[in-house]
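A.B. asks: structure, please.
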Amino acid sequence: MSATNVAIDAEDVARRFDTTWVLRGINLRLDAGEVVGLLGANGTGKSTLLRIVATLLRPHAGRVTVFGHDIVGAADEVRSVVGYMAHAPGLYGDLTARENLRFAASMLDRDAREADDALARVGLTVAANETVRTFSSGMQRRLAIARLLLGRPRLLLLDEPYSNLDTDGIALMNSVIEERVAEGAAALVVVHELGPAAPVLDRTETLVDGRIVDPGTSDENTVISLVANDR
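C.D. replies: A predicted model of the protein is given here:
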C-alpha cells in the first residue's frame, strides 16, 4: 500500500507534561478505509494521542505522518484533511446553530448553504435559529457532528463521540463514520466502552500507562477490566 493511503503512521511517539510521561513509545498504523477504536482508562493518554495527530500538541519524541504529511513539518496539510471532534463540543453558546455552522463553513471555505444541509443531516433544522446555550447536551453533540461533516475530512479523530447521544444519535454518528470511510477516509475513535462503536470498528487498540498493549487485537478481558476500574 502506498504511503498516501496510510492515514496515520506513528513511530515511537512520546509526550510528557512537566516530568510525567503520558505517552511512551506509541507505534500505530491506520490505513485508509479503517476504523480503529482506542480504549483505555482515564489518564492513559488517549486524548493526548488524538491531539498530537490533530497537530494540537507536538510529541517530545517520535514521528507521526497523516496521509504522508508530517504533523510538525507539514501541519497545514495535515489540518486540511483531518476532522477532529473533541470530547467537549467547543461550540459558540451565544450563536445560533445556523450561525455556528455558517461560521465554520466560512473558515473551511465552504458555501454557506452547506451549513443548512449539515443541519438537516443531523436533524436540527427545526432548531437552526435557537442559541446553542439552550441546547441539551445531545443536541450540542449533534451540532458538533454537523460541523464535522462540513470539512469532509479524510481522517476522523473522534474523542468519545457517543457521549450524551441517544439511540438515534448513536446511529447517526455511526452512519457518518461509515459514509466517510466508504469514500476512502479513516477514523480513530476514542471509546469508553465498545457497545456504541462496535458496528463500525475494524479493530481496537488499548492504551495502558501510555503504551499500546497487544497491538491489533481485542483482548476482551483487558478492556472489561480497564472500563470497570475507570468507573
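A.B. asks: which segments of the protein make up each domain?
C.D. replies: 1-81+157-231, 91-152 (automatic domain parsing).
A.B. asks: run through the chain and note the low-pLDDT ranges.
C.D. replies: 1-3, 214-231 (pLDDT under 70).
A.B. asks: in it, which spans are strands?
C.D. replies: Using DSSP state E, the strands of the chain run over 6-17, 20-31, 35-39, 61-66, 69-70, 82-85, 155-159, 186-190, 203-208, 211-213.
A.B. asks: now the ones you listed in JSON lines, with mean neighbour count and distance to N174?
C.D. replies: C-betas here are computed from N, CA, C, even on glycine. Below are those laid out as JSON lines (neighbours: other C-beta atoms under 10 Å; distance: least, C-beta to C-beta, whole Å):
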{"stretch": "strand 6-17", "mean neighbour count": "18", "distance to N174": "19"}
{"stretch": "strand 20-31", "mean neighbour count": "18", "distance to N174": "18"}
{"stretch": "strand 35-39", "mean neighbour count": "23", "distance to N174": "9"}
{"stretch": "strand 61-66", "mean neighbour count": "19", "distance to N174": "23"}
{"stretch": "strand 69-70", "mean neighbour count": "18", "distance to N174": "28"}
{"stretch": "strand 82-85", "mean neighbour count": "23", "distance to N174": "14"}
{"stretch": "strand 155-159", "mean neighbour count": "24", "distance to N174": "11"}
{"stretch": "strand 186-190", "mean neighbour count": "25", "distance to N174": "10"}
{"stretch": "strand 203-208", "mean neighbour count": "20", "distance to N174": "16"}
{"stretch": "strand 211-213", "mean neighbour count": "18", "distance to N174": "24"}
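A.B. asks: of all these, which one is nearest E114?
C.D. replies: strand 82-85 (14.3 Å; C-beta to C-beta).
A.B. asks: partners of the closest one, with directions?
C.D. replies: strand 155-159 (parallel) (DSSP bridges).
A.B. asks: ok, residues contacting the strand it pairs with?
C.D. replies: Strand 155-159 is contacted from outside by 7-8, 46-47, 50, 53-54, 66-67, 81-87, 148, 177, 180, 185-190, using C-beta atoms under 8 Å, 6 or more residues apart in numbering.
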